[in-house]
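A.B. asks: here's my sequence, what's the structure:
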Amino acid sequence: MTATPEILCCPLCQVSIESNGGTLDAVQFSNGPKGTRSKLWSRVCQYLKTPDQQRQCINQDPDLRGVEQKGDAFPDAPSIDLPKS
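C.D. replies: Sure thing, here's the model as predicted:
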């Protein structure tokens, strides 16, 4: 018999994490497909500014989120050449 995953909801960003006890946890973003804790960290959690925000964040444990994977961060915007006026 398998254990039922725990559903965690972040009070700051409102994402839900289906916690299976580690890096295989599934993060449900407000828009788009499910992702990982490392993707959530790369796109949201690392930008928290105050200690209070960091205390409230449910994705601060580096052992649970693992290392950043390719594709976790938003890609850099392509450069554009603007005409000189």
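
A.B. asks: show me where pLDDT drops low in this protein?
C.D. replies: Within the chain, the stretches with pLDDT under 70 are 1-3, 21-23.

A.B. asks: which parts of it are strands?
C.D. replies: With strands called from DSSP state E, the chain shows them at 6-9, 16-19, 26-28.

A.B. asks: could you redo those strands as TSV and give each row mean neighbour count and distance to residue 72?
C.D. replies: (C-beta placed from N, C-alpha, C; glycine too.) Converted to TSV, the strands of the chain look like this (neighbours: other C-beta atoms under 10 Å; distance: least, C-beta to C-beta, whole Å):
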stretch	mean neighbour count	distance to residue 72
strand 6-9	12	19
strand 16-19	18	15
strand 26-28	19	11
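
A.B. asks: could you dump the ones you listed to CSV with distance to residue 39?
C.D. replies: Shown next, in CSV, are the strands of the chain (distance: least, C-beta to C-beta, whole Å):
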stretch, distance to residue 39
strand 6-9, 16
strand 16-19, 11
strand 26-28, 7
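
A.B. asks: got a list of what the closest residue to residue 41 other than its chain neighbours touches?
C.D. replies: Among residues not flanking residue 41 along the chain, residue 65 sits closest, at 5.0 Å (C-beta to C-beta, 6 or more residues apart in numbering). By C-beta atoms under 8 Å, 6 or more residues apart in numbering, residue 65 lies in contact with 23, 36-38, 40-41, 59.

A.B. asks: please apply the same query to residue 40.
C.D. replies: Each residue near residue 40 by C-beta under 8 Å, 6+ apart is listed here: 15, 17, 27, 29, 59, 65.
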